[in-house]
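Engineer: got a sequence here, can you model it:
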Amino acid sequence: MSKSITMKKTGVTNPARSGFVAITSNSSDLGDYLRKVNAVKSLEAKDEKDLALRAKNGDLEAKKALVQANLKLVLTIARKAIHVSKLPLVDLIQEGNLGLMIAVEKFNPELGYRFSTYATWWIKQAMFKAISEQSYCMKIPVYIQETLSKFSKVKADMERSYNCQVTTHDVAKKMNIEPEKIDSYLSAYTSTVSIEGSFDANNGSELAVADVVADEKASVEENVEFEELKKEIANVVSTLKEREQTVIKMRFGLENFAKTTLEDIGKLYGVTKECIRQTENRALTKLRKNAEIYGW
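Structural biologist: So this is what the prediction gives:
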């Protein structure tokens, strides 16, 4: 599938033919491309913003520079995406480069995000869309894909509302569908492409295959804002003492913790549930004060 694609509407060409050697399945060509990309220096925040502002105003040279400065981001994501893909690295890079170019066109530097944070979502979306279209994923019947699309959206909405992970059973109940049916649909997907498979980029964000396959129209701005909010919450919680952090995470189901009762946490630490309640209250008081500092 190795290809060179021109973005006719924007005038930005695929970086494989824009100052770099063409990417093909030939190992020497790929090696040359990787060496050239890795030799490009990363942008300072100020330089990145200046380029982004010029790009927003239609400066093609600025767009090209912004693309080339972030090709290493595409490589980083592609190397991790290959573990959940049947596509070769070359094809993932090509698709990721297209996503990067879309990000350049859509990025608004005035929103305050680093470009790499914003571009990561477009790069992943482009790669995973290719994975879903060109791998075994398309063997899944349309009605299953549609159901899982709704499942993914409902699950994301619930987790955003409750600020915690929800189970398949919870989502199925919300959708008025038997949990067993959802499980069977998910199994159908995981037998082809890992629906729950995810990987992180160099900024620490994660995206599951299902999230992109299921909801291609999701707002990138909303996703970025949600990731930024999670980071801010993590920053506030990190100001607590170690035990207080753990208690809060377990009580509210944050990060990888399941929601846990005071009594069960007490058993974990060998203390009474009243002791844990006091720890929780102290932690919440500190969080409220720290939240005010963050302007919440």
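Engineer: what sits up against the strand or helix carrying R277?
Structural biologist: Here R277, judged by DSSP states H and E, is contained in helix 273-293. Residues from elsewhere that reach helix 273-293 (CB atoms under 8 Å, 6 or more residues apart in numbering): 236-237, 239-240, 243-245, 247-248, 251, 261-263, 265-266, 269. For the C-beta atoms, the positions are set from N, CA and C on the backbone; glycine is no exception.
Engineer: ok, and the most crowded of those?
Structural biologist: V247 (26 neighbours; other CB atoms under 10 Å).
Engineer: from K56, how far out is that residue?
Structural biologist: As judged by CB to CB, to the nearest Å, V247 and K56 stand 45 Å apart.
Engineer: okay, now the domains of this protein?
Structural biologist: For the chain, the structural domains run 6-136, 137-218, 238-293, going by automatic domain parsing.
Engineer: which of those domains sits most buried?
Structural biologist: domain 6-136 (a mean of 18; mean count of other CB atoms under 10 Å).
Engineer: average pLDDT across that domain?
Structural biologist: The average pLDDT for domain 6-136 rounds to 78.
Engineer: please enumerate the helices of the chain.
Structural biologist: 27-39, 45-56, 60-69, 71-81, 89-106, 115-134, 142-162, 168-175, 179-190, 209-214, 220-237, 242-252, 262-269, 273-293 (DSSP state H).
Engineer: now the angle from the fifth one to helix 60-69?
Structural biologist: With axes from the mean of the first three to the mean of the last three CA atoms, to 10 degrees as the criterion, the two stretches helix 89-106 and helix 60-69 enclose an angle of 140 degrees.
Engineer: ok, now the second one?
Structural biologist: Helix 45-56 and helix 60-69 are oriented at 130 degrees to each other (the same axes, to 10 degrees).
Engineer: convert the C-alpha atoms of helix 45-56 to CSV, please.
Structural biologist: Taking C-alpha atoms only, helix 45-56 is exported to CSV below (Å, rounded to 0.1, in the frame of the first residue of the first chain):
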residue,chain,number,x,y,z
ALA,A,45,7.3,25.8,22.4
LYS,A,46,7.7,29.4,21.1
ASP,A,47,8.9,28.3,17.7
GLU,A,48,6.1,25.8,17.4
LYS,A,49,3.5,28.4,18.3
ASP,A,50,5.0,30.9,15.8
LEU,A,51,4.9,28.2,13.0
ALA,A,52,1.4,27.2,14.0
LEU,A,53,0.1,30.8,13.8
ARG,A,54,1.7,31.2,10.3
ALA,A,55,0.3,27.8,9.2
LYS,A,56,-3.2,28.9,10.4
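Engineer: which other helices and strands contact that helix?
Structural biologist: helix 60-69 (3 or more CB pairs under 8 Å, 6 or more residues apart in numbering; DSSP states H and E).
Engineer: now swap in the fifth one and tell me
Structural biologist: Contacts of helix 89-106 with other secondary structure elements, assessed using 3+ CB pairs under 8 Å, 6+ apart, are made with strand 6-7, strand 12-13, helix 27-39, helix 60-69, helix 71-81, helix 115-134.
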